[in-house]
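Trainee: here's my sequence, what's the structure:
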Amino acid sequence: MIKKFLFIFLLLVSPAHSAVTGWYPMANVGYVSEVAAMHGCTLNNNADSNMAVNMEYLLQTIDICNGHRTNYGSGTYATQQAANTVAVNDVFERLIEEFDGFHMFLTNMPAGATFGFHLAAAGNFTIDWGDGSPVQVINRTVPATVLFSHTYAQAGNYMVTLNGLATAYNAAGQVAAISFQWGLNTTRMTGISGDIGQIFPILGPAPGDTPHFMYAFAGTGITAIPPDLFAGLRGAFIPWMFYATFQNCTNLQGIIPGTLFSGLSGAPLPYIFGLTFHNASGLTGIGEGLFDGLNGPEAVGMFAATFQGTTGLTGPSARSGGQFIYEKWPGVNVDVGPLCYAGATGLSDFANIPSNWK
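Mentor: Below you'll find the model as predicted:
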């Protein structure tokens with residue numbers, strides 16, 4: 001449906017409306033970023049704000065904001081046509097999917113029970129606890145770790161919604177921007193939805209500009225990993241970024257989405273995916289391309305115990321760029337993946353996995 005609209009829309013953007021005629025000004029990177037911000041989408045790039053943009057750039061921006069990975073090929077839908085301000089405004093108005101927050105679904109909360117999670121980020125946030133109580137408004141100027149909690153007067157199921165935008169993260173160590181591991185009643189959080197990267201985006205290259213998700217969902221009761229959970233993260237990895245993120249999530253089921261980290265790219269770093277899915281025994285498969293964004297020399301512990309204890313896994317083990325990760329980074333110089341696949345005997349290539357990986 002989206003592609004059909006784009007084709008029709010771009011046909012309507014005739015040469016009479018192009019920047020060449022002077023009817024409408026040509027859009028540049030800065031203008032697109034401003035319009036995106038008006039729609040709740042923060043773009044992080046190093047492009048010159050005065051650089052003119054074409055429809056290809058505009059459509060890619062829409063994909064980034066919506067969390068989709070659609071590839072609009074060169075020439076298709078006239079993507080090389082220069083984009084003017086009218087095109088930018090109209091495309092954003094029609095195609096952008098407005099972000100309505102990160103949702104947490106609580107199941108069978110007893111009367112008098114308290115649910116809580118930690119935030120370690122500066123910024124402006126809101127929490128709707130889902131029981132009709134006033135929305136909690138949070139304005140934080142420092143990224144220290146704080147527990148936010150709410151007590152439910154009546155038993156039931158609730159949807160908690162977190163929204164807002166982080167402006168800084170804890171640069172002192174591996175502190176998760178949001179974490180449920182040491183929260184309250186987080187085993188009753190059986191589902192999550194929404195792009196958490198929209199709330200905790202990569203802000204820049206400096207220390208404290210990139211969020212950690214170390215132990216973020218560890219030990220919770222979630223049953224599935226949303227494919228767009230980290231879609232808003234656009235940029236480079238940092239060490240320990242997803243260490244133990246889903247550790248001991250024994251209720252998780254299904255295939256790990258291959259697009260889970262697709263907005264990230266860069267060189268491997270120490271313990272970047274250490275214990276990420278450790279003991280998530282209900283998972284049944286690894287999506288193709290899960291680690292496609294990683295390229296470069298191997299790093300110590302980058303896959304340490306990543307899938308250890310995921311006894312329900314079947315099909316092939318993880319690949320990067322079509323190559324098994326134990327072949328791409330064999331661990332000749334450093335210990336790359338100790339215990340990475342220990343216990344994952346259901347994998348179709350388990351017998352071929354080197355002993356130093358299991």
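
Trainee: what ranges do the helices span in the chain?
Mentor: Per DSSP state H, the chain carries helices over the ranges 2-12, 29-38, 55-66, 85-95, 325-328.

Trainee: isn't residue 148 right next to residue 136, touching?
Mentor: Yes: contact criterion Cβ atoms under 8 Å: residue 148 and residue 136 qualify, at 7.2 Å. (Glycine included, C-beta is placed from N, CA and C.)

Trainee: hey, C-alpha coordinates of stretch 247-257 in PDB?
Mentor: This file holds the C-alpha atoms of stretch 247-257, laid out as PDB (Å, rounded to 0.1, in the frame of the first residue of the first chain):
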ATOM      1  CA  GLN A 247      19.400 -13.200  29.900                       C
ATOM      2  CA  ASN A 248      17.100 -15.700  31.700                       C
ATOM      3  CA  CYS A 249      14.000 -14.600  29.700                       C
ATOM      4  CA  THR A 250      12.800 -18.200  29.800                       C
ATOM      5  CA  ASN A 251       9.300 -17.300  28.600                       C
ATOM      6  CA  LEU A 252      10.700 -16.000  25.300                       C
ATOM      7  CA  GLN A 253       9.400 -18.000  22.300                       C
ATOM      8  CA  GLY A 254       9.900 -17.900  18.500                       C
ATOM      9  CA  ILE A 255      12.700 -16.700  16.200                       C
ATOM     10  CA  ILE A 256      15.000 -13.900  17.200                       C
ATOM     11  CA  PRO A 257      14.300 -11.200  14.600                       C
END
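
Trainee: next, count neighbours for residue 126.
Mentor: Counted with other Cβ atoms under 10 Å, residues neighbouring residue 126 total 13.

Trainee: how close does it get to residue 346?
Mentor: 43 Å (Cβ to Cβ, to the nearest Å).

Trainee: for residue 268, same thing?
Mentor: 26 Å.

Trainee: who has more neighbours out of the two?
Mentor: Higher neighbour count among residue 268 and residue 346: residue 268, with 25 against 14, using other Cβ under 10 Å.

Trainee: leaving out the residues flanking it, which one is nearest to the more buried one?
Mentor: Excluding its sequence neighbours, the residue lying closest to residue 268 (Cβ to Cβ, 6 or more residues apart in numbering) is residue 299, at 4.2 Å.

Trainee: equivalent analysis for residue 354, please.
Mentor: residue 326 is the one closest to residue 354 (Cβ to Cβ, 6+ apart), at 5.7 Å.

Trainee: how many other residues sit next to the residue nearest to residue 118 when sequence neighbours are not counted?
Mentor: For residue 118, ignoring the flanking residues on the chain, the nearest one in space by Cβ to Cβ, 6+ apart is residue 179 at 4.6 Å. For residue 179, the count of nearby residues is 23 (other Cβ under 10 Å).

Trainee: per-domain residue ranges of the chain.
Mentor: The chain is divided into the following domains under automatic domain parsing: 2-95, 102-357.

Trainee: and the last one, how far out from the chain middle?
Mentor: What that stands for is domain 102-357. Centroid displacement of domain 102-357 relative to its chain, using Cα atoms, centre = their mean, to the nearest Å, is 9 Å.

Trainee: and it, end to end?
Mentor: Criterion Cα to Cα, to the nearest Å; first-to-last residue distance in domain 102-357 is 35 Å.

Trainee: tell me the mean pLDDT over that domain?
Mentor: The average of the pLDDT scores along domain 102-357 is 95.

Trainee: where does residue 67 land on pLDDT?
Mentor: 57.

Trainee: next up, the contacts around residue 37.
Mentor: residue 43 (Cβ atoms under 8 Å, 6 or more residues apart in numbering).

Trainee: actually residue 121, sorry about that
Mentor: 140, 143, 166, 167, 168, 169, 170, 177, 178, 200, 211.

Trainee: and for the most centrally placed residue in the chain, nearest residue in space, chain neighbours not counted?
Mentor: Per Cα atoms, centre = their mean, the C-alpha nearest to the average position across the chain is that of residue 230, at 0.5 Å. Using Cβ to Cβ, 6+ apart and skipping residues adjacent in sequence, the residue nearest residue 230 is residue 197, 4.9 Å away.

Trainee: I'd assumed residue 319 was in contact with the residue nearest to residue 354.
Mentor: No: here residue 326 does not reach residue 319: they are 9.8 Å apart, not a contact under Cβ under 8 Å.

Trainee: who are the contact partners of residue 150?
Mentor: 114, 115, 116, 127, 129, 131, 133, 136, 160.

Trainee: what is the nearest of those to residue 338?
Mentor: residue 116 (34.3 Å; Cβ to Cβ).

Trainee: gap between the two ends of stretch 204-213?
Mentor: So stretch 204-213: terminal residues 17 Å apart, Cα to Cα.

Trainee: quick check: buried residues in that stretch?
Mentor: Neighbour counts over stretch 204-213 (16 or more other Cβ atoms under 10 Å) mark 209, 210, 211, 212, 213 as buried.

Trainee: so who does the third one touch?
Mentor: The one in question is residue 211. So residue 211 contacts 121, 166, 169, 176, 177, 200, 201, 202, 233 (Cβ under 8 Å, 6+ apart).

Trainee: need the contact list for the third one.
Mentor: For residue 169, the residues meeting the contact criterion (Cβ under 8 Å, 6+ apart) are 120-122, 143, 175, 177, 200, 203, 208-212.

Trainee: who's it bridged to?
Mentor: residue 121 (DSSP bridges).

Trainee: ditto for the fourth one
Mentor: Listed by DSSP bridges, the beta-bridge partners for residue 176 are residue 212.
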